[in-house]
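**Student:** would you be able to build a 3D model of this:
(one chain, ligands or ions: 1)
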Amino acid sequence: MAVSRTPLIAGNWKMNLDHLQAVALVQKLHWSLKDADHDFASVDVTVFPPFTDIRSVQTLIEADKIPFGFGAQDLSVHDSGAYTGEVSGAFLGKLGCSQVIIGHSERREYHAEDDAVVAAKTQAALKHGLVPVICVGETSEDLERHGASAVPVAQLEKALEGVASDAEIVVAYEPVWAIGSGQAATPEQAQEVCAKLRDVIRASLGDDAAASTRVLYGGSVKSSNIASFMREPDIDGALVGGGSLKVDEFSSIIRFQKHVGV
Ligand code: 13P
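**Tutor:** Numbering: from 1, shown residues only. Below is the predicted model of the structure:
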């Protein structure tokens, strides 16, 4: 990856860990990295706990000055009002969230979030000072029919409509067939799509945004394969699901720079 972009390793906990387990994991992860003499400035780390955990994680991170960001897995398109069960970006911003995941394939699939909803949520995040982590990716059916990049490219083009060229965003390429399957994309496959996504950023937001925006790979990332992804020029980090729920594994993923051959 280009030196000017600080790598980002993000843990999407999905619907796992209650607030007590979340606090324990953050604390142990911090200890594990300190024990390993990890250079915290070399990699940004963000955790995305369930909504009910965020306040507890924030309190711990602030009290112990833990250099991790934290964010939410979703937000409402609305600011406030009669929207039972929804959570406003304004509330997340006030809690100290720095980022919010948008358009994860599980939300697209189980909550019928289409590209218009993803675009509206991207706008809602930016309005409240949150960096949207915009997720795109093809299903195995899309892959067979259209190849790897057509669907993620179209999804990102729609998400970026109306986004200002100086807005900070993160893009996560997560092939749906690779999520939770143990079958990650090859680094070459992922690089090819991430390069095309960077072209979309360039066409939509300009050269500066293309150079500074972090594009992550997600889908069965593990300590054994992270280094191979991070060697690719257009992959700036990872969005990690299952591998972010185990202290030793997530700690090792974050320390990918120490893996042999990187
Ligand atoms: P896994 O790492 O469990 O495959 O999940 C990836 C993911 O969906 C992260 O958002």
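**Student:** mind listing the helices for the stretch 1-150 of the chain?
**Tutor:** Per DSSP state H, counting those that start in this stretch, the stretch 1-150 of the chain has helices spanning 19-35, 51-63, 89-94, 105-110, 115-127, 140-146, 150-159. These are given in chain order.
**Student:** for the ligand, find the nearest of the ones you listed.
**Tutor:** Nearest of the helices of the stretch 1-150 of the chain to the ligand, taken as C-beta to the nearest ligand atom: helix 105-110 at 7.0 Å. All C-beta atoms are positioned from the backbone trio N, CA, C, and that covers glycine.
**Student:** buried set for the closest one?
**Tutor:** Buried residues in helix 105-110, counted by 16 or more other C-beta atoms under 10 Å: S105, E106, R107, R108.
**Student:** for stretch 181-191, same thing?
**Tutor:** Buried residues in stretch 181-191, counted by 16+ other C-beta under 10 Å: A184, A185, P187, Q189, A190, Q191.
**Student:** cool, stretch 212-222 as well?
**Tutor:** S212, T213, R214, V215, L216, Y217, G218, G219, S220, V221.
**Student:** where does L216 land in three-state SS?
**Tutor:** Classification of L216 using DSSP: H, G, I helix; E, B strand; the rest coil returns strand.
**Student:** flag the shaky bits of this structure, pLDDT-wise.
**Tutor:** Applying pLDDT under 70 to the chain flags the ranges 1-3, 260-262.
**Student:** strands of the stretch 151-262 of the chain, start to end?
**Tutor:** For the stretch 151-262 of the chain, applying DSSP state E, counting those that start in this stretch gives strands covering 170-173, 214-218, 237-240.
**Student:** out of the buried residues of stretch 181-191, which is nearest to the ligand?
**Tutor:** Of all those, A184 has the smallest distance to the ligand: 7.7 Å, by C-beta to the nearest ligand atom.
**Student:** so that closest one touches S224, yeah?
**Tutor:** No - with contact defined as C-beta atoms under 8 Å, A184 does not reach S224; the gap is 9.7 Å.
**Student:** I134 bridge partners, please.
**Tutor:** Counting by DSSP bridges, I134 is bridged to I102, V171.
**Student:** list the contacts of it.
**Tutor:** Contacts for I134 were tallied using C-beta atoms under 8 Å, 6 or more residues apart in numbering; they are I102, G103, V118, T122, L156, A159, L160, I169, V170, V171, A172.
**Student:** same thing but 10 Å
**Tutor:** 100-104, 118-119, 121-122, 125, 155-156, 159-160, 163, 169-173, 197, 213 (C-beta atoms under 10 Å, 6 or more residues apart in numbering).
**Student:** good, we can wrap up now.
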